[in-house]
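Chemist: Just to be clear, the model below is a prediction. Sequence and coordinates:
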Amino acid sequence: MLRGETTRSIEKLEDSLDYGLDKFYINDKNNDLDHYSQMEIILSNKGYQDINEIGKGGSGIVVSASKNNDNRVALKSTICNPYSSSIETPWEILNMEAKNLEFLHDKKVPNIVDFYGFESAFFDGFYGGFLELELCKDSAFDKEVYETSELVNHTLDIADSLYYMHEAGLVHGDIKPSNILMNYSGKVKLVDLATARKPRKFYESSPFSPGVLAPELFNTTIRSRSGDVFSLAATLYRALTGENVREKSYESIMSPFEAPTAPRDLDVEISGGLEYAIMSGLEAYDRPNLGEFVELIEKSPESVN
Ligand SMILES: Nc1ncnc2c1ncn2[C@@H]1O[C@H](COP(=O)(O)OP(=O)(O)O)[C@@H](O)[C@H]1O
Ligand SMILES: [Mg+2]
């Protein structure tokens with residue numbers, strides 16, 4: 001982008017600020033820049049360089065960038081999604097994620113993405129901001145990249161993380177392949193902590209990922225420890241079979257209690273022990289707790305610790 005253009009765009013954003021920041025929502029009809037372009041402008045204004053989009057989820061855009069020749073970092077900003085059921089503002093969502101990250105690091109919960117800071121900024125007609133995070137690579141559950149024994153180890157790393165998170169009084173609530181990444185030192189890292197929350201408590205909104213969500217949580221905003229176990233088993237199932245435990249079809253979503261096809265029936269070459277562990281984690285009614293699930297996984301020949 002040309003320098004002059006950047007300056008004009010920043011002026012435009014600053015003009016919009018005059019509408020009244022205190023209300024969080026600013027009806028900024030003049031702002032026609034997409035979210036990524038706004039991030040580019042705001043981040044370069046804050047001294048970040050080499051900005052590249054690296055990820056997109058249901059609620060955010062993530063870019064990589066560097067500042068003062070330091071190591072590259074990831075910067076996550078929440079999009080104001082007009083179709084989102086969430087009643088929270090982007091700033092509130094990011095602030096919750098920042099608080100959760102701080103809390104989990106304070107409690108020394110392992111394998112949580114490193115957190116460097118939270119800065120407010122004005123976006124999309126909303127008061128939002130950025131989280132600065134350790135830069136990671138792709139999903140740790142990509143079967144094109146990792147062998148079965150590696151996928152099993154990644155599962156155990158996340159189970160370890162969940163164990164300490166649950167002990168600290170929170171659940172993750174949205175365990176799935178796109179929220180479990182590999183960092184550049186080859187360590188597994190859990191991301192997307194905006195919706196980490198107290199188990200079994202009623203919330204206004206909750207992440208809904210039908211392909212990995214426990215069936216008992218379908219018609220509720222409650223998220224539970226046992227739900228994290230199901231989603232972790234579903235994440236490994238997906239990595240091994242290439243299939244979600246539930247399809248995106250109407251029928252599949254309307255009958256969430258139906259058991260998925262066993263991996264070996266889909267010609268996936270795994271041991272009976274590993275299949276048993278995964279299918280137990282996906283049980284609708286009689287599911288092992290996290291410790292029992294870990295024991296089952298560790299008993300399988302694919303677990304090589
Ligand atoms: N620290 C990071 N390093 C590299 N990529 C990341 C990082 N955090 C998130 N991403 C990428 O961005 C995507 C969306 O981020 P996420 O925190 O999951 O937000 P959302 O709430 O929108 O799902 C992730 O699935 C991942 O691909
Ligand atoms: Mg995500």
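Modeler: Done, it's in. Ligands and ions are numbered 1, 2, ... in the order given.
Chemist: all contacts plus neighbour counts: C-alpha atoms, from now on.
Modeler: Noted.
Chemist: Return the helix or strand in the protein with minimum mean pLDDT.
Modeler: helix 3-17 (a mean of 42; mean pLDDT, DSSP states H and E).
Chemist: residues from the stretch 51-200 of the chain in reach of ligand 1?
Modeler: 54-60, 62, 74, 133-137, 178-179, 191-192 (C-alpha under 6 Å from any ligand atom).
Chemist: tell me, which of these make contact with ligand 2?
Modeler: Checking these against ligand 2 by C-alpha under 5 Å from the ion, the ones in range are 57, 179.
Chemist: And stretch 280-294, how far out from the chain middle?
Modeler: Its chain's C-alpha centre and that of stretch 280-294 lie 22 Å apart, by C-alpha atoms, centre = their mean, to the nearest Å.
Chemist: for stretch 156-166, same thing?
Modeler: So, by C-alpha atoms, centre = their mean, the centroid of stretch 156-166 is 15 Å from its chain's centroid.
Chemist: Can you list the neighbours in contact with it?
Modeler: Residues external to stretch 156-166 that are found in contact with it (C-alpha atoms under 8 Å, 6 or more residues apart in numbering): 104, 109-112, 171-172, 188-190, 225, 228, 232, 290-291, 294, 297.
Chemist: Distance check, residue 279 against residue 298.
Modeler: 15 Å (C-alpha to C-alpha, to the nearest Å).
Chemist: Residue 197 too?
Modeler: 28 Å.
Chemist: try residue 42
Modeler: Counting by C-alpha to C-alpha, the gap from residue 42 to residue 298 is 47 Å.
Chemist: Tell me the residues of the stretch 1-150 of the chain that contact ligand 2?
Modeler: residue 57.
Chemist: Low-confidence stretches in the stretch 1-150 of the chain?
Modeler: 1-32, 81-86, 124 (pLDDT under 70).
Chemist: Strands of that one, start to end?
Modeler: Along the stretch 1-150 of the chain, the segments classed as strands by DSSP state E, counting those that start in this stretch run 48-56, 60-67, 73-78, 115-123, 126-134, 136-139.
Chemist: can you list the domain ranges for this structure.
Modeler: In the assignment given by automatic domain parsing, the structural domains of the chain cover 3-133, 136-299.
Chemist: Please identify the most buried of the ones you listed.
Modeler: domain 136-299 (a mean of 19; mean count of other C-alpha atoms under 10 Å).
Chemist: Which residues of the stretch 151-300 of the chain lie near ligand 2?
Modeler: Selection of the stretch 151-300 of the chain residues close to ligand 2 by C-alpha under 5 Å from the ion yields residue 179.
Chemist: which residues in the stretch 151-300 of the chain form strands?
Modeler: 180-183, 188-190.
Chemist: which helices and strands does the shortest one pack with?
Modeler: With contacts defined as 3 or more C-alpha pairs under 8 Å, 6 or more residues apart in numbering; DSSP states H and E, strand 188-190 has these neighbours: helix 148-167, strand 180-183.
Chemist: Tabulate the ones you listed (JSON lines), appending distance to residue 125.
Modeler: Output for the helices and strands packed on strand 188-190, formatted as JSON lines (distance: least, C-alpha to C-alpha, whole Å):
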{"stretch": "helix 148-167", "distance to residue 125": "35"}
{"stretch": "strand 180-183", "distance to residue 125": "31"}
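Chemist: what about residue 96, distance to residue 240?
Modeler: 33 Å.
Chemist: again, but for residue 147
Modeler: 9 Å.
Chemist: any common contacting residues for those two?
Modeler: When C-alpha under 8 Å, 6+ apart defines a contact, no residue borders residue 147 and residue 240 alike.
Chemist: contact partners of stretch 298-305?
Modeler: 148-149, 152-153, 270-271, 273-274, 277, 297.
Chemist: centre of the chain versus it, how much separation?
Modeler: Worked out by C-alpha atoms, centre = their mean, stretch 298-305 lies 27 Å from the chain centre.
Chemist: for it, which positions count as buried?
Modeler: Residues 298, 300, 302-303 are the ones in stretch 298-305 that count as buried (16 or more other C-alpha atoms under 10 Å).
Chemist: Pick out the most distant pair among those residues.
Modeler: 298 and 302 (8.2 Å; C-alpha to C-alpha).
Chemist: now the closest residue to residue 263 other than its chain neighbours: how far from ligand 2?
Modeler: Nearest residue to residue 263, sequence neighbours excluded (C-alpha to C-alpha, 6 or more residues apart in numbering): residue 241, at 6.2 Å. Separation of residue 241 from ligand 2 (C-alpha to the ion, to the nearest Å) stands at 21 Å.
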